[in-house]
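Trainee: predicted model follows, preceded by the sequence.
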Amino acid sequence: MRIPSLGVVCGWFENNIIDPFMVIIRRGTEPKQLAFSAALGSTLGIFPIVGISTGVTVLLCGLAIPILGSRCHPPTVLLLNFVVTPIELSLILPFLRLGETICGTSHFPLSSDALKKVFTGQASTQLLLTILHALVGWLFLAPFILPLLYVLFLPCFKLLVRRFKPKEAPLRSEA
């Protein structure tokens, strides 16, 4: 297997993350709307059931847009959902353990055999309850994560929008 060079990785990152992000920033969207949408996309993007977080985000975003109206910026929600995928993977275990604690159950012993059973469709009831515990942990923390991320993102987006807002074309006076 050939490992991609740093130039290929940087090019991919620029084309798939930076360029769409800059298009969003330059469109003149309000920093508050961008911060809320980024916080919402990040919170939904760390949904602890791997493989369905994008579907859940699209579904919830589809529900949130009519409810939230102009306060939600769908491209930002979906971009941040994509960007936080590595964080999603690293938070599955903490969400699982928190859910087990909330539900008052013992810790499920994680093993490669349990993971193999999930991928082959032979998951036991105990394993399905474990996935439910991770969901409970996420549901418990999501109402705290969303406002915290909003507070963190707002000054960043204010700075970015101010720095990269499109230049207004000078008005021509006809003489």
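Mentor: Structure received. What you are looking at is a predicted structure, and each value in this text was computed from that prediction instead of being measured.
Trainee: low-confidence stretches in the chain?
Mentor: Low-confidence segments of the chain (pLDDT under 70): 1-9, 53-54, 57, 61, 114-115, 117-119, 121-123, 166-175.
Trainee: longest helix anywhere in this protein?
Mentor: helix 125-164 (DSSP state H).
Trainee: shouldn't residue 80 be in contact with residue 36?
Mentor: No: counting by CB atoms under 8 Å, residue 80 stays clear of residue 36, with 11.0 Å between them. From N, CA and C alone the C-beta is placed, and that goes for glycine too.
Trainee: test my guess that residue 76 contacts residue 42.
Mentor: No: using CB under 8 Å, residue 76 is not in contact with residue 42; the gap is 10.0 Å.
Trainee: out of the two, which sits in the more crowded spot?
Mentor: residue 76 (26 against 23; other CB atoms under 10 Å).
Trainee: so how far is residue 37 from the more buried one?
Mentor: 4 Å (CB to CB, to the nearest Å).
Trainee: ok, residue 55 next?
Mentor: Counting by CB to CB, the gap from residue 55 to residue 37 is 18 Å.
Trainee: so the two - more neighbours on which side?
Mentor: Between residue 55 and residue 37, counting by other CB under 10 Å, residue 37 is the more crowded of the two (28 against 11).
Trainee: who's in contact with that one?
Mentor: 72-74, 76-77, 80 (CB atoms under 8 Å, 6 or more residues apart in numbering).
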